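[1] What follows is a predicted protein model with its sequence.
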Amino acid sequence: MIVIHGAEVYNPARGHAPQPGDLWIEDGRIITPRQDVIPEQVIDARGMIIAPAGVEIHTHVTGYPLSLARRFTLSEGCRKNPLLPSPEEAARLYLQLGYTTVFDAATSPLYAFSSYSDLRQMEGVDRGTFVLAGDHHLLLQALASNDMDYARNIIAWLVSCSGGYALKLVNPGGGLAWKNHRKAPDLDEGIGIGTLTQRDVLKRCVQAVNQLGMPHPVHIHAGQLGQPGNAVNFCNSIRALESQRAHLCHIQFFSYGLDPSGGYRSGAEEVVRTLEEFPQLTCDVGQIMFGDAMTVTADTSALSRLQQGLKKPWISNQVEAEGGNNILPLKYAPKDPSNAVQWATGLELLLLSPDPARMFLTTDHPNGAPFETYPQVIELLMSREARLEALQQVHRAARDRTGLAAIEREYSLGEIFAMTSFGPARSLGLNDRGHLEPGALADIRCYRKQADICGMFASPEWVMKNGRIVYQNGRVDTQGFGEILVARPKWDQDQLPHIKSDLENRISISFDLYALGGTKMENTREVPCTSTGF
Amino acid sequence: MAVVLCSDLPQEAVPAALAFCQQHSAFLVTDDEFSGSILSLAMKEAGTLSASLGILRDCINRVICCGGDILQTLPRLEKFVPAVNAGHVRFLEDDNPLAALQNLRLETGASAANMASNLDDQQGLVLFDKNWLQEDLHIAVELLHWLADLNRGQRWYSLYAAPAANSLGICNALLSTAGCPGNMHVSLAGIEYDPRQFRLHQLINNGWVDTCLIAGNPSLMPAALKEDLKKVTTILLSPEPTDLKPALTLPVARAGVDCAGTMQRLDQVPLRLQPLFTTSRVPVEAIFNSLTGRAAV
Amino acid sequence: MRVVLETRQDCTGPISLKGINLPALFHLSQGEIWQLPLNHLSQPFVLGDVFKVDIRDSDGDEVVLRGDTRLLHYCGYGMDSGRVMVEGDAGACAGSGMSGGELVIEGNAGDCLGVAMSGGKISVQGNTGDWCGAALAGESKGMTGGVILTGGNAGSNLGNGMRRGLIAVAGNCKNYAGSCMLAGTILCLGEMGAGAGVGMQRGSLVAGTIQSILPGFSPAGLADTGWLRLYLNWLEENGFTMPASWLEKPPYRFSGDHLAAGKGEILAYEFPQ
């Protein structure tokens, strides 16, 4: 039994204000304070801030695309690249930032084993991955014939056999269109399979996943990523979900208005207003920060567009029956008007959005910036002064074409914790974390109170996982901690021959070896599919 | 010490070998340096477009083979690329590949405007083997540049026909765990990468290593390198006898025969191999792990 | 002051001087020099383990490396001033990353001489290996300043990615001289190997004869050699013997590589076959 004594405790489940008091921990979980026993260990945390550990909802740290991406960083000398740490390093770096749960955003079923190999190495954190299916032939066929029962079975089978946690849609139909030399379909344009449109795919997938009761709803990367004026299409995509539960990822890349000059302007207000109509949706922002970045995406349409504009070498790998893996190195420059607007738009989205438990901080690592920049983003959110100062350093488009300069809001510490712990955990359907109620996992971060916000968030005093301190004084102890979180939605085993015969002529691998190929995953924890939404 | 990872090992050997190297502050190289550093550096320079075999099977109607005997080394290719059977194959062979590629690029440039309007269902595949990487980085870079030029107006995928069973798997596993595809020095202080100095030939001749631990069957090693190996003490962890004369040989299990393991296909799709027999032989990673464990005690 | 480091007889392994700034030795006492750790690639040595150290007064400041210098790698790594003299062959990566001062190698130099150097002067009396004055592997920018003079032959990829400065080779050089060059000048008094200037954007390659010329280059008449004459005069002052034909006629000019930016030139005194 451990007691953390004397700290300011932020429990996002009970509002944003800190509460004084002791935190009792037994067997790796938080318990109600006891009067009758003397704890074995008392951790003196006077002058400290205690909060639930961070939960990362969208990052790219594992799998085959990262192996491809690492080629772009090859250079003689010592290897330390914040953009593409090895899975093992990534887990340690996340722990050092106070995050104990990390979800990788994309695994193609065909390369599922590469992701699993990498996940296995991420000791120290609970981790999982989302399965890509936005261009999956089988799924699109089933959706096209409106056979929802079969579609549900395919989704459940795909997620289970790839060892995933949730379903991810990346610009549905976009990869297919690219392979067929067409431009990515608009929301109401046919994607080339029957009369199926992107709107249908979004709506029906979201419905199917919610019916399956999966802990995390569909993780959606919408269409027209990174194009000026895409906010209109994005808002329409939001409405296309018809008030169902879903998660929209890196929405900064979808929140652009069209400037009369043809360039970017912020569409944050419009997007936030639309999101407010649908309280069952959650989002993460995908903030960009200036400096080097690496685009790692399954959205071939969007990336080939960007590549043609930049005329830089890219690595693109198309996957059978699915989309592709695409890599393009980038640099966001503060003096570039487009990048400046993108940067300001992300901050604007975060600051305009009223409920931090629905709008989460991510940088879509490594697409927007490395996750190590989170403390810098938090500082910009918590201090208007810092924001205005930063705004002076960037191209004036960020002042002229976004509403950032006028926003007075400053996040409170409580809101930051709601945004980085409570909200993502709830969206992921992980009710045992993100808060400090009795029964919750004792995944806790502790900061020393100080005026330097960035410094405080960059170096926690200590971080606890399952009731044991795993990071303190620069030392990380990851051994034996953390599990791979999986969801195994129920599906009708009788459908397997059907799935098999449909898929077999699409793939070049024997059906038995597809995805994890029946490999028994080790060190996993199944999160039950009993979600009823919120 | 240098640890040489051979291209017939499953990718599971990589993390174990890395941990071993870290403990002993050793060099880690592969027996197939072309698939590793040269291809990777060329991709960094010029990028590439590739696709999994299923896509090639369904879309490809033209094939260019760089290297005359490439189809012999890939006997099952016809199954995946029917265009090969249909005779839509061109061979690119030249004594001076760099000049040949430059000529092709100049032609491509001249007809680029023409091609841009000709975007149809024609999709092609360029296959190349290690002979186009062997001599120098510049040939590989020129090849990939040519592909990028072709892709301005048409759709050309490329595939590298790796010379051994799991050249690409080892390379990808190294990239994923260490961040670079071999040619590195691993120690507690970190990993240092140098594709010019940390090649086995250089390491031996510059005197950096006195012992070589060769894991797997070094079938890809050129004869000159095997000659170099005579200057140092070698330990071999191989499933079968080789023409090297090591100081010590430990027979190990072979993935897919007497142990499980993951190899990567031509298109880098991981394949999980299951054992056919049960034997007393242990996999390479188990040997690395026990060596690491023993030294730790 | 003259600091002489002589390798001990019983030292047979390779020694890396990476991390040791040789010109900084002038400010140290003999004991301090002894204790300098040689910690590149986890070598468990201090400098005194492998070198006998001798400090003498002299007119100029100079560090002399002596003994079995063939085993010394990274001689003059990162040096910024002073003079370093290697009495014999130097190992690999000599003068890499140097930004000033002078490095003199009396014998041959290994691979990667003066990689990523930004200033100073390297003179080699013998031959140099591959990647002389090149970029670090995986980087695009090679030597960004300074001078490398080679009395013998050079290896392949001479001046790869070079951005500024001068490399002069009295003998021949192997393939891919001036590959991916961004600017600067490479002179080779003898024969230049195949693939010269592949991917070069700007800069000048000057050769006595050239083995072959890539398709990416096109003939562009005879070169105006005003600037070249200045270089040649300077080289003569520095001990190079110019072939007679160089002073008599202008060289042929090829421009390219048209597959890169294409503003570079190769000047050859003998027309390639």
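    Good, I have the coordinates. Numbers count the residues shown, from 1 in each chain, chains lettered A, B, ... in the order given.

[2] C-alpha from now on. contacts and neighbour counts both.
    OK.

[3] which parts of the stretch 151-273 of chain C sit against chain B?
    Residues of the stretch 151-273 of chain C lying close to chain B (Cα under 8 Å from any Cα of the partner chain) are C:195, C:198, C:214, C:215, C:216, C:259.

[4] and the fourth one, what is it in contact with?
    Listed by Cα atoms under 8 Å, 6 or more residues apart in numbering or on different chains, the contact set of residue C:215 reads B:99, B:102, B:103.

[5] anything in the one helix or strand the second one maps to near chain C?
    Spelled out, that is residue B:102. For residue B:102, the element it lies in under DSSP states H and E is helix B:97-110. Yes: Helix B:97-110 reaches chain C (Cα under 8 Å from any Cα) through B:98, B:99, B:102, B:103, B:105, B:106.

[6] Stretch B:231-241 too?
    No: counting by Cα under 8 Å from any Cα, chain C has no neighbours in stretch B:231-241; the shortest distance is 12.8 Å.

[7] Now do that stretch: distance from first to last residue.
    20 Å (Cα to Cα, to the nearest Å).

[8] same check, this time on stretch A:171-183
    End-to-end span of stretch A:171-183 (Cα to Cα): 12 Å.

[9] any chance of the residues of helix B:97-110 next to chain C in JSON lines, with neighbour count and distance to chain A too?
    Below are the residues of helix B:97-110 next to chain C laid out as JSON lines (neighbours: other Cα atoms under 10 Å in any protein chain shown; distance: Cα to the nearest Cα, whole Å):
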{"residue": "B:98", "neighbour count": "23", "distance to chain A": "20"}
{"residue": "B:99", "neighbour count": "21", "distance to chain A": "22"}
{"residue": "B:102", "neighbour count": "24", "distance to chain A": "18"}
{"residue": "B:103", "neighbour count": "17", "distance to chain A": "21"}
{"residue": "B:105", "neighbour count": "23", "distance to chain A": "16"}
{"residue": "B:106", "neighbour count": "17", "distance to chain A": "18"}
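
[10] of all these, which comes closest to residue A:336?
    Ranked by distance to residue A:336 (Cα to Cα), those are led by residue B:105 at 33.1 Å.

[11] so how far is chain B from the closest residue to residue A:470 other than its chain neighbours?
    Excluding the flanking residues, the one nearest residue A:470 by Cα to Cα, 6 or more residues apart in numbering or on different chains is residue A:477, at 4.8 Å. From residue A:477 across to chain B, the span is 16 Å (Cα to the nearest Cα, to the nearest Å).

[12] does stretch A:328-344 come close to chain B?
    No: Stretch A:328-344 does not reach chain B (Cα under 8 Å from any Cα); its nearest approach is 8.8 Å.

[13] and the closest residue to residue B:165 other than its chain neighbours, helix, strand or coil?
    Leaving out its chain neighbours, the residue that sits closest to residue B:165 by Cα to Cα, 6+ apart is residue B:8, at 5.4 Å. Following DSSP: H, G, I helix; E, B strand; the rest coil, the label given to residue B:8 is coil.

[14] Just read off the phi/psi values of residue B:8.
    The phi/psi pair for residue B:8 (degrees, to the nearest 10) reads phi -100, psi 10.

[15] For it, the count of nearby residues, please.
    24 (other Cα atoms under 10 Å in any protein chain shown).

[16] what about the strands in the stretch 151-297 of chain B?
    Ranges of strands in the stretch 151-297 of chain B, per DSSP state E, counting those that start in this stretch, are B:155-160, B:184-187, B:190-193, B:211-215, B:233-238, B:248-251, B:261-264, B:270-273.

[17] hmm, I was thinking of the stretch 151-273 of chain C
    Going by DSSP E, counting those that start in this stretch, the stretch 151-273 of chain C shows strands at C:166-169, C:185-192, C:204-210, C:218-222, C:252-256, C:264-270.

[18] now the ones you listed as a markdown table including mean neighbour count, distance to residue C:33 and mean pLDDT?
    Shown next, in a markdown table, are those (neighbours: other Cα atoms under 10 Å in any protein chain shown; distance: least, Cα to Cα, whole Å; pLDDT from 0 to 100):
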| stretch | mean neighbour count | distance to residue C:33 | mean pLDDT |
| --- | --- | --- | --- |
| strand C:166-169 | 24 | 33 | 96 |
| strand C:185-192 | 24 | 38 | 95 |
| strand C:204-210 | 25 | 42 | 94 |
| strand C:218-222 | 15 | 55 | 92 |
| strand C:252-256 | 23 | 50 | 92 |
| strand C:264-270 | 24 | 46 | 92 |
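
[19] C-terminal to the helix or strand of chain B with the lowest mean pLDDT, which secondary structure element comes first?
    Every helix and strand of chain B was ranked by mean pLDDT, DSSP states H and E. The lowest is helix B:112-116, at a mean of 52. Next along the chain after helix B:112-116, taking DSSP H and E as the criterion, comes strand B:123-128.

[20] got the angle for that next one vs strand B:155-160?
    20 degrees (axes from the mean of the first three to the mean of the last three Cα atoms, to 10 degrees).

[21] ok, residues contacting strand B:123-128?
    B:56, B:59-67, B:70, B:154-161.

[22] Enumerate every residue touching residue A:110.
    Residue A:110 neighbours (Cα under 8 Å, 6+ apart): A:319, A:320, A:514, A:515, B:269.

[23] That one: what secondary structure?
    Residue A:110 - assigned by three-state DSSP - is helix.

[24] Could I get the phi/psi values of residue C:131?
    Backbone torsions of residue C:131, given as degrees, to the nearest 10, read phi 60, psi 40.

[25] same question, the one 3 residues further on
    As for residue C:134, its main-chain torsions (degrees, to the nearest 10) stand at phi -90, psi -180.

[26] Just give me the neighbour total for it.
    32.

[27] element containing the most centrally placed residue in chain C?
    Chain C has residue C:148 as the residue nearest its centroid, 4.1 Å off, counting by Cα atoms, centre = their mean. Assessed by DSSP H and E, residue C:148 sits inside strand C:147-150.

[28] Tell me which residues of stretch A:285-301 come out buried.
    Neighbour counts over stretch A:285-301 (16 or more other Cα atoms under 10 Å in any protein chain shown) mark A:285-290, A:292-301 as buried.

[29] and residue B:38, what does it touch?
    So residue B:38 contacts B:133, B:136, B:137, B:140 (Cα under 8 Å, 6+ apart).

[30] Any regions of the stretch 151-297 of chain B where pLDDT drops low?
    The stretch 151-297 of chain B contains residues with pLDDT under 70 at B:295-297.

[31] Around chain A, which positions in it sit nearby?
    Counting by Cα under 8 Å from any Cα, the stretch 151-297 of chain B sits next to chain A at B:172-173, B:175-180, B:190-195, B:269-272.

[32] burial measure for the nearest residue to residue B:128 once chain neighbours are set aside, as a count.
    Nearest residue to residue B:128 in three dimensions, chain neighbours excluded: residue B:66, at 4.6 Å (Cα to Cα, 6+ apart). By the measure other Cα under 10 Å, the count of residues near residue B:66 is 23.

[33] And residue B:66, how far from residue B:153?
    21 Å.

[34] for the residue of the stretch 1-150 of chain C found nearest chain A, helix, strand, or coil?
    Using Cα to the nearest Cα, the point where the stretch 1-150 of chain C gets nearest to chain A is residue C:138, with a distance of 4.3 Å. Three-state call for residue C:138 (three-state DSSP): coil.
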